[in-house]
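Student: the amino acid sequence is not available; the structure is as follows:
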């Protein structure tokens, strides 16, 4: 309502008046303009600034106030954003995907007591393209030593202005496809790793292919310089091929120089020895300090027979494995049958090879003979002169012609002998 009061004066009385029907004021119509920055075309992970400006559409005074709601592809992403004094509201989007591009960006103005609600949209929508990528590869140890574990790590990064971290998988390709490790997942920092200790001595090309996703372009990277694998400087130079169980033996290990041809005169550190394989245990001093790159292990023993390999290591490097060391019998045992012996009777002499633990040395193999140490006068031994030990066992059959006491000796491989006596009775009577 609009009312006017006349105050009067010395000549006129006061009075009042009003606008018939009052003054009607309608809400002003509005229009919403939507803009994207830096452009309506961006790459994945690039921040996009969306600005909504609400303007009055009819003549009058005042700037629209209250709030607006932002929608992407019809889904609310940020409601009730307050307009500033210029009638603007601003949000930033950094997660618009390539899939579904171009994306519709719409804004709804909620209206107020003085302004009508309205809607606006980004003309043409927001176009999002895949971000380019760079793939880098690093080695945890280059050069490395044969059988030493090496980890290759790929780092995939997105090209600016994207701030996103690539996801998906990579493939490690070694020596142009001689070894391919596929579909290794990137972690949350865009990294993936592959570890191996199986690279042969020499130079290896290491490449990584990033498989890409809908949001990130595929890419390739290579390790530079190439991975170099050197021979282990720890080398066995003396390992006996065969030793008797329980007998001390000698092993010599060298720590070679960079050329690998001679001991390193500057290495005087510890070298350790251990069993790599075999059924028994290794005794003796198993750690010695090298002198000018040479470590000498003396007084080593193995009690149980069998095939063994040794492992030597130094300076934190992977162990190297020796040639096979055969631990064989330390003694021979003789058994005679039958229990009662007579002249002209077949006598079976059984020979068993034993190791220092008393077990059968099954790897003891070779010919053996029976020789006479002492016999009665005019006595003769008939039958095969030699036989063969296989798997630690051997037998031979002899006949003795004269009654009395005989001293015989078994002569086996590796110089092992066993002396035993036989008491022969006269011919058995029927």
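Tutor: All right, it came through fine. Source: prediction; values computed, not measured.
Student: and the contacts of stretch 43-52?
Tutor: Stretch 43-52 is contacted from outside by 32-38, 42, 68, 70, 81, 88-94, 96-98, 105, 107, 109, 120, 122, 126, 128-132, 158-159, 161-164, 215-216, using CB atoms under 8 Å, 6 or more residues apart in numbering. Just so you know, the C-beta spots here come from the backbone N, C-alpha and C atoms, and that holds for glycine as well.
Student: any stretches of the stretch 51-200 of the chain with poor pLDDT?
Tutor: For the stretch 51-200 of the chain, no stretch is flagged by pLDDT under 70.
Student: which parts of it are helices?
Tutor: For the stretch 51-200 of the chain, helices defined by DSSP state H, counting those that start in this stretch do not occur.
Student: and the closest residue to residue 385 other than its chain neighbours, how far is that from residue 74?
Tutor: In this structure, residue 385 finds its nearest non-sequential neighbour in residue 369, 6.2 Å apart by CB to CB, 6 or more residues apart in numbering. Distance, residue 369 to residue 74, by CB to CB, to the nearest Å: 101 Å.
Student: what about those two, which has more around it?
Tutor: Using other CB atoms under 10 Å as the criterion, residue 369 and residue 74 rank with residue 369 on top: 13 against 8.
Student: state the distance from the more buried one to residue 360.
Tutor: Counting by CB to CB - residue 369 and residue 360 are separated by 21 Å.
Student: so residue 69 bridges to which residues?
Tutor: With DSSP bridges as the criterion, residue 69 is bridged to residue 108.
Student: residue 294: what's it in contact with?
Tutor: Each residue near residue 294 by CB under 8 Å, 6+ apart is listed here: 252, 253, 254, 255, 263.
Student: please apply the same query to residue 86.
Tutor: Counting by CB under 8 Å, 6+ apart, the residues that residue 86 touches are 53, 63.
Student: tell me the spacing between residue 26 and residue 109.
Tutor: Counting by CB to CB, the gap from residue 26 to residue 109 is 17 Å.
Student: ok, now residue 290?
Tutor: The spacing between residue 290 and residue 109, counted by CB to CB, is 84 Å.
Student: which one's more surrounded, the two?
Tutor: residue 109 (25 against 21).
Student: do you know how far the more buried one is from residue 49?
Tutor: As judged by CB to CB, residue 109 and residue 49 stand 19 Å apart.
Student: and what of residue 354?
Tutor: Distance from residue 354 to residue 49, by CB to CB: 90 Å.
Student: among those two, which residue is more densely surrounded?
Tutor: Neighbour tally, residue 354 and residue 49, criterion other CB under 10 Å: the higher count belongs to residue 354, 20 against 12.
Student: next up, the contacts around the more buried one.
Tutor: The contact partners of residue 354, by CB under 8 Å, 6+ apart, come to 329, 330, 331, 332, 333, 360, 361, 392.
Student: so for it, what's the pLDDT?
Tutor: Listed pLDDT for residue 354 reads 98.
Student: list the beta-bridge partners for it.
Tutor: Beta bridges link residue 354 to residue 331, residue 360 when assigned by DSSP bridges.
Student: tell me the contacts of residue 143?
Tutor: Here residue 143 is in contact with 227, 228, 229, 230 (criterion: CB under 8 Å, 6+ apart).
Student: ok, back up a step: which single one of the contacts of residue 294 is nearest to residue 193?
Tutor: Checking the contacts of residue 294 against residue 193 by CB to CB gives residue 255 as the nearest, at 30.7 Å.
Student: contacts for the helix or strand hosting the closest one next, please.
Tutor: Using DSSP states H and E, residue 255 sits in strand 249-255. Here strand 249-255 makes contact (CB under 8 Å, 6+ apart) with 233-240, 243, 263-264, 267, 269, 271, 273, 290, 293-298, 300-301, 310, 312, 314-315, 322.
Student: partners of it, with directions?
Tutor: Looking at strand 249-255 with DSSP bridges, its partner strands are strand 234-238 (antiparallel), strand 294-302 (antiparallel).
Student: I'd like these as TSV, with mean pLDDT and distance to residue 420 appended.
Tutor: Shown next, in TSV, are the strands paired with strand 249-255 (pLDDT from 0 to 100; distance: least, CB to CB, whole Å):
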stretch	mean pLDDT	distance to residue 420
strand 234-238	97	37
strand 294-302	98	28
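Student: the nearest residue to residue 42 once chain neighbours are set aside and residue 103, how far apart?
Tutor: Leaving aside its sequence neighbours, residue 42 sits nearest to residue 48 (CB to CB, 6+ apart; 5.5 Å). Distance from residue 48 to residue 103, counting by CB to CB: 10 Å.
Student: also residue 206?
Tutor: Separation of residue 206 from residue 103 (CB to CB) stands at 40 Å.
Student: which residues touch the nearest residue to residue 375 once chain neighbours are set aside?
Tutor: By the measure of CB to CB, 6+ apart, the closest residue to residue 375 outside its immediate chain neighbours is residue 406, 5.0 Å from it. Applying CB under 8 Å, 6+ apart, we find residue 406 in contact with 372, 374, 375, 376, 379, 400, 421, 422, 423, 424.
Student: circling back to that earlier point, list buried residues within the contacts of residue 294.
Tutor: Buried by 16 or more other CB atoms under 10 Å: 253, 254, 255, 263, out of the contacts of residue 294.
Student: is residue 247 in a helix, a strand, or coil?
Tutor: coil (DSSP: H, G, I helix; E, B strand; the rest coil).
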